[in-house]
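J.: make a model of this:
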Amino acid sequence: MGLKLGDEIPIPTAQGVVRFKIVGIRPAQALPGNEPVYVNLPQAQKIFGLPNRINTVEANYTTTDAAQRAQIERTIQNLLGPDYQFGGLGTSSELFASMQTAQTIFNVLGFLALFMGGFIIFNTFRTIVAERRRDIGMLRAVGASRGAIMSLFLAEGLVQGIIGVTFGIALGYLAGAGITALASGAMEQFLHVKIGAPIVEPILLIMTIGLGLGVTLASGLLPAWNASRVTPLEALRPSQADVEKGKTWSKKTIAGVTLLVMAVGGLLSQNISLVALGGFAFLCGLILVAPALVKPVAGLFGALLTLLFARQGTGDLAQGNLARQPSRAAITASATMIGLAIIVAAVGLITSITGGINAVLAKSLGSDYLLVPPAVGVWSNDVGASSTLADRLRGVYGVGVVSTLRFASTTINTEAVNLLGVDPTAFPQVSGLNFIQGNPQTAFAQLAEGRTIILNGIAASQLKANLGDTVKISSPEGEQSYRVVGVGSDFINTKIMTAYTSQQNLKRDFLKTEDILFQINLAPGADAAQVEPRLKDIAAKYPQFKFISGKAYIQENQRLFNASFSVFYIVLFAFALPSLIAMLNTLAIGVIERTREIGMLRAIGATRKQVRRTIMTEALLLAALGTAFGLLGGLYLGYVMVLGMNASGMYPLTYSFPLAGILIALALGLIFGVIAALFPARQAANMNIIRALRYE
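T.: As a prediction, the model looks like this:
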């Protein structure tokens with residue numbers, strides 16, 4: 001701001017702007033949203049409209065002994081009683097609470113990414129084992145034990161894991177810095193919070209290293225064990241493609257079908273715990289039944305490709321190659337499935353959230369004009385205005401209704417909650433709540449009748465409170481009993497535990513009379529061009545508020561969400577890329593195993609174009625299989641995510657069929673299939689015939 005000692009700084013207060021002289025400057029604070037200005041106590045009480053009141057007392061310990069500090073805490077808490085909260089200061093707790101939703105979504109995506117990474121590593125090790133069959137045989141022939149072979153592959157996996165984790169941490173930090181840079185503008189614009197560089201805590205670093213190395217070693221365990229089972233004679237014989245033999249309905253297939261049935265049953269039960277568990281069971285079920293479906297799916301799509309390439313005969317060859325190793329093809333398809341399922345599920349969730357947000361925005365912020373504070377939703381950081389401002393706004397000719405919000409921080413049944421005071425008559429006229437329990441007409445009418453309260457969805461869920469229940473609210477006047485007359489949410493406070501009561505109750509029990517948000521509707525027939533300048537003139541005297549039309553404010557929030565989702569789509573695309581590696585591995589190992597076969601095909605007259613097209617067709621069949629599974633898994637996961645959002649008590653969402661996500665997944669699946677086949681197809685087509693026939 002370019003200020004120095006002796007300068008005057010205007011500070012917004014409940015009575016308007018007051019100028020203060022700067023007598024000292026402290027170092028900048030590190031925590032976001034915490035830029036304190038220190039004044040004497042009487043002036044602070046005047047700014048916040050709390051004459052002769054104190055709402056926070058800070059104290060430092062004189063001891064570092066944990067037992068003594070705990071005893072001091074118990075003594076102070078006993079002296080204060082249950083109506084006071086004792087503990088460390090939590091700066092901008094509402095801001096951090098509002099970030100938990102995004103954190104949960106990214107945790108789910110991270111788990112799925114690890115799951116997919118495990119498949120890719122497993123497939124990579126299988127490729128390595130296949131390429132080194134002759135080397136393994138030589139080692140076994142000269143006396144290497146099975147344990148030594150297994151240790152050799154696990155050690156190699158550990159080295160690769162260390163390299164991968166190192167690069168992963170570096171790339172993750174760079175990606176975090178990039179996303180932070182993209183998000184900083186929106187955070188400063190809407191929340192007036194500056195974001196610094198990403199901070200990597202030691203516990204996060206340890207967890208990342210542990211998960212990275214653990215998944216690598218666990219995924220390489222089975223291929224390493226298979227390598228140790230290879231006998232010297234088996235490994236030294238000429239290479240040939242193995243053909244899996246087994247029943248179509250194996251134990252794995254039966255287990256997979258059972259998991260699918262359980263997943264569908266959980267979905268029909270509408271129990272959120274069973275539905276969430278069913279999402280994981282559904283993916284596992286698809287993975288287990290995939291080998292049994294390789295042949296019929298390959299036959300279905302192979303028939304189409306056979307008709308397309310009838311003259312070349314490549315369709316039948318590609319179909320037969322996949323049918324030889326259905327398990328290997330299923331593993332590749334499963335990796336592709338997870339990547340595409342994430343895309344379909346996320347697009348379905350985003351589409352549903354967008355529809356829900358637009359509906360809630362129109363209902364919650366659909367007034368003609370608003371006066372909003374710098375950090376909407378982070379109410380403890382905002383300075384309100386006295387009731388004089390609302391009275392002046394109501395006095396403007398052409399204004400129909402003015403509704404205001406007031407704020408107090410409290411605890412309900414020992415849980416921290418934001419308590420908002422509304423005018424039961426004006427609030428429903430300019431805004432409103434999406435009710436989960438109760439009736440809007442009766443609920444707002446009951447707010448004017450004694451100590452009654454409306455909980456938002458997340459508060460009702462956390463407090464396990466329902467319509468008609470009584471909850472205990474801590475206030476400066478002591479603990480009070482409030483009756484729940486409704487459960488409903490709005491756009492601003494949906495991610496934070498929030499309760500609504502009358503402004504009369506807020507004044508009586510919390511001594512709060514400052515308004516922190518204003519919503520204004522014009523009278524029928526009023527000329528907005530005449531009224532708006534007068535409203536702006538009044539609002540200009542209270543710079544802690546931004547004057548904006550309801551339509552413009554809704555558009556601002558929609559732009560913010562669209563920008564956030566744009567970054568999200570980039571992250572989703574990054575999740576899909578590893579499926580390329582899985583498909584490339586499978587095609588590469590197929591070429592290696594069929595070296596002699598490819599040589600024989602070339603020797604009897606097959607052209608390079610036919611060989612290349614065979615590998616390309618095989619890739620398309622793999623892509624079709626993985627894409628089909630990905631669409632099924634994505635639709636299920638997307639529906640599960642929407643149910644989870646509804647169960648959390650946030651936005652009321654209706655599942656939207658992700659047509660765009662399906663089209664994106666189809667395009668990516670087929671494009672990835674073609675890209676993955678380029679190198680193996682070229683390698684097979686350019687193979688020397690004589691060397692291929694002599695290959696062992």
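
J.: would you map the strands across the stretch 401-550 of the chain?
T.: For the stretch 401-550 of the chain, the strands defined by DSSP state E, counting those that start in this stretch cover 415-422, 434-437, 452-455, 470-475, 478-489, 498-502, 517-522, 546-549.

J.: pairing partners for the last one, with directions?
T.: Take DSSP bridges as the rule and strand 546-549 pairs in its sheet with strand 369-372 (antiparallel).

J.: just how off-centre is the partner strand within its chain?
T.: Here strand 369-372 is found 30 Å from its chain centre; the criterion is Cα atoms, centre = their mean, to the nearest Å.

J.: so for it, mean pLDDT?
T.: Averaging pLDDT along strand 369-372 yields 92.

J.: mind checking pLDDT for the nearest residue to residue 442 once chain neighbours are set aside?
T.: What sits nearest to residue 442 in space, not counting adjacent residues and going by Cβ to Cβ, 6 or more residues apart in numbering, is residue 485, at 7.4 Å. No exception for glycine: its C-beta is placed from N, CA and C like everyone else's. The model reports residue 485 with a pLDDT of 94.

J.: from residue 464, how far off is residue 485?
T.: Going from residue 485 to residue 464 by Cβ to Cβ, to the nearest Å gives 17 Å.

J.: more neighbours: the two, which one.
T.: residue 485 (23 against 8; other Cβ atoms under 10 Å).

J.: so the more buried one is in contact with residue 451, correct?
T.: No - Residue 485 is beyond contact range of residue 451, at 10.4 Å (criterion: Cβ atoms under 8 Å).

J.: scan the protein for its longest helix.
T.: helix 146-191 (DSSP state H).

J.: show me the helices in the stretch 551-696 of the chain, by range?
T.: Applying DSSP state H, counting those that start in this stretch to the stretch 551-696 of the chain gives helices spanning 578-593, 595-603, 608-647, 659-685, 689-694.

J.: dump these to a markdown table, plus mean neighbour count, distance to residue 441 and mean pLDDT.
T.: Formatted as a markdown table, the helices of the stretch 551-696 of the chain follow (neighbours: other Cβ atoms under 10 Å; distance: least, Cβ to Cβ, whole Å; pLDDT from 0 to 100):
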| stretch | mean neighbour count | distance to residue 441 | mean pLDDT |
| --- | --- | --- | --- |
| helix 578-593 | 24 | 53 | 70 |
| helix 595-603 | 19 | 76 | 80 |
| helix 608-647 | 24 | 24 | 82 |
| helix 659-685 | 19 | 38 | 82 |
| helix 689-694 | 13 | 81 | 74 |
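
J.: which of those sits closest to residue 525?
T.: Minimum separation from residue 525 across the helices of the stretch 551-696 of the chain (Cβ to Cβ) falls at helix 608-647, 40.3 Å.

J.: surely residue 538 touches residue 390?
T.: No - between residue 538 and residue 390 there is no contact under Cβ under 8 Å: 10.2 Å.

J.: neighbour count winner among these two?
T.: Neighbours were counted for residue 538 and for residue 390 using other Cβ under 10 Å; residue 390 has more, 19 against 15.

J.: might you calculate how far the strand or helix carrying the more buried one sits from the centre of the chain?
T.: Applying DSSP states H and E as the criterion places residue 390 in helix 387-394. Helix 387-394 sits 41 Å away from the centroid of its parent chain (Cα atoms, centre = their mean).

J.: with just CA atoms, put it into PDB.
T.: In PDB, the C-alpha atoms belonging to helix 387-394 read as follows (Å, rounded to 0.1, in the frame of the first residue of the first chain):
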ATOM      1  CA  SER A 387     -28.100  -1.200  10.900                       C
ATOM      2  CA  THR A 388     -27.900   2.400   9.700                       C
ATOM      3  CA  LEU A 389     -26.700   1.200   6.300                       C
ATOM      4  CA  ALA A 390     -29.600  -1.100   5.700                       C
ATOM      5  CA  ASP A 391     -32.000   1.600   6.800                       C
ATOM      6  CA  ARG A 392     -30.500   4.000   4.300                       C
ATOM      7  CA  LEU A 393     -30.700   1.400   1.500                       C
ATOM      8  CA  ARG A 394     -34.400   0.800   2.300                       C
END
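
J.: list the buried residues of it.
T.: Across helix 387-394, burial judged by 16 or more other Cβ atoms under 10 Å covers 387, 389-390, 392-393.

J.: per-residue pLDDT, residue 476?
T.: 83.
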